[in-house]
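In: got a sequence here, can you model it:
(one chain, ligands or ions: 1)
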Amino acid sequence: MVLFDSHAHYDDKRFDEEFEGGSERAIALSFEKGICGIINVSTNLENAETTIALSEKYDRIYAAVGYHPEDAGYLDEREIDAALEKCETLLSRKKVVAVGEIGLDYHYDASDETKKRQKYFFERQLECAASHSLPAIVHDRDAHGDALEIVKRCVKKSGVTGVFHSFSGSAETARELLSLGWYISFGGPVSYKNAASVKRAAASVPLDRILIETDAPYLPPVPHRGEINYSAYMFDTLKALSDAMGYDEETVAAATVENTKRLFGV
Ligand SMILES: [Zn+2]
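Out: Numbering: from 1, shown residues only. Down below sits the predicted model:
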């Protein structure tokens, strides 16, 4: 059985500080245990460079370039325009397969000014994805209503497609995204005891739209909570996801690999 990790951050410094052997060993162990591919996702322009370097070093690693909403919230419109211009130049690099991660995060700062900036940058990056015919990888935390509204508007305008990663919305939000042709990805949290609503959302996603991920080094699945998460642990996430969806693990694993390759064109 093989799995494709649709969302990881192997350039995160926690790998070199806390994982024995660093990211290099984490990646090697993951490939050994049956990981057939990894999308490494950037969160700003600096780690976009390290992400691209990683994808150029490993055959089976691909890159996503984008600006995370938490970083975006501190830029003004002029700085956002400059960041977008830089982003655009990186999108033509050969292993870049998506714009991400982009989106909205109102968890730590839900002031009107921050929301306004995040929404502006999110919409511009979705337009950017559409104009480069790339899918978007969306981070949505405590912002389901606004995120859905912006995605809907952009799909209507440009037909942009993509995935909501580490999905934390309701089954209702999932259904709306599915109706727009989008994909939904689940990570470690689907295995958590208190994750009834995440499990319900997973149960509402058909086999041809489901993705699986780590968000490594974050969000390890049960029984690895408190450890550094890496792609090999995704087999534990697979078990919880398959239980929630009501299919056997082989079926879900094969579907997620096929869907990830289709969405990112790899
Ligand atoms: Zn992430």
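In: now do the same contact list for the closest residue to N47 other than its chain neighbours.
Out: Nearest non-adjacent residue to N47, counting by Cβ to Cβ, 6 or more residues apart in numbering: D11, 5.5 Å away. Just so you know, the C-beta spots here come from the backbone N, C-alpha and C atoms, and that holds for glycine as well. Neighbour list for D11: S23, N40, S42, N47, T50, T51, L54 [criterion: Cβ atoms under 8 Å, 6 or more residues apart in numbering].
In: please check the residues you listed and keep the buried ones.
Out: Neighbour counting over the contacts of D11 (16 or more other Cβ atoms under 10 Å) leaves S23, N40, S42, N47, T50, T51, L54 as the buried ones.
In: neighbouring strands - and their directions - for the helix or strand where N40 lies?
Out: Counting by DSSP states H and E, the element that carries N40 is strand 35-41. Paired with strand 35-41 in the same sheet, following DSSP bridges, are strand 3-8 (parallel), strand 61-64 (parallel).
In: looking at these, which is nearest to F186?
Out: When the strands paired with strand 35-41 are compared by Cβ to Cβ, strand 3-8 sits nearest F186, at 9.8 Å.
In: so what touches that closest one?
Out: Where contact means Cβ under 8 Å, 6+ apart, the residues beyond strand 3-8 that reach it are 30, 34-41, 101, 137, 163, 165-166, 185, 187, 211-216, 230-231, 234-235, 238, 253, 256-257, 260-261, 264.
In: what separation do you get for the residue of the chain most remote from its centre and Y120?
Out: Most distant residue from the mean C-alpha position of the chain: R78, 26.6 Å away (Cα atoms, centre = their mean). R78 is 12 Å from Y120, where distance means Cβ to Cβ, to the nearest Å.
In: just list the residues touching V205, thanks.
Out: Counted by Cβ under 8 Å, 6+ apart, V205 has contacts A174, L178, I184, M245.
In: between those residues, which is closest to E18?
Out: E18 lies nearest to I184 out of the contacts of V205, by Cβ to Cβ, at 29.6 Å.
In: returning to what we had before: looking at the strands paired with strand 35-41, which is buried most?
Out: Greatest average neighbour count among those goes to strand 3-8 (a mean of 28), per mean count of other Cβ atoms under 10 Å.
In: now do it, average pLDDT.
Out: Taken as a whole, strand 3-8 has a mean pLDDT of 98.
In: run the chain-centre distance for the strand holding N40.
Out: Here strand 35-41 shows a centroid-to-chain-centroid distance of 11 Å under the convention Cα atoms, centre = their mean, to the nearest Å.
In: output that strand as CSV - backbone C-alpha positions only.
Out: Output of strand 35-41 as CSV, limited to C-alpha atoms (Å, rounded to 0.1, in the frame of the first residue of the first chain):
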residue,chain,number,x,y,z
ILE,A,35,5.3,7.2,0.6
CYS,A,36,5.2,7.6,-3.2
GLY,A,37,5.2,11.4,-3.3
ILE,A,38,5.1,14.6,-1.2
ILE,A,39,3.9,18.1,-1.9
ASN,A,40,6.1,20.5,0.2
VAL,A,41,4.1,23.7,0.9
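In: quick one: which of the contacts of strand 3-8 sit in helices?
Out: S30, M234, F235, L238, A253, T256, V257, T260, K261, F264 (DSSP state H).
In: most widely separated two among the residues you listed?
Out: The span of the ones in helices among the contacts of strand 3-8, defined through Cβ to Cβ, is set by F235 and F264 at 21.1 Å.
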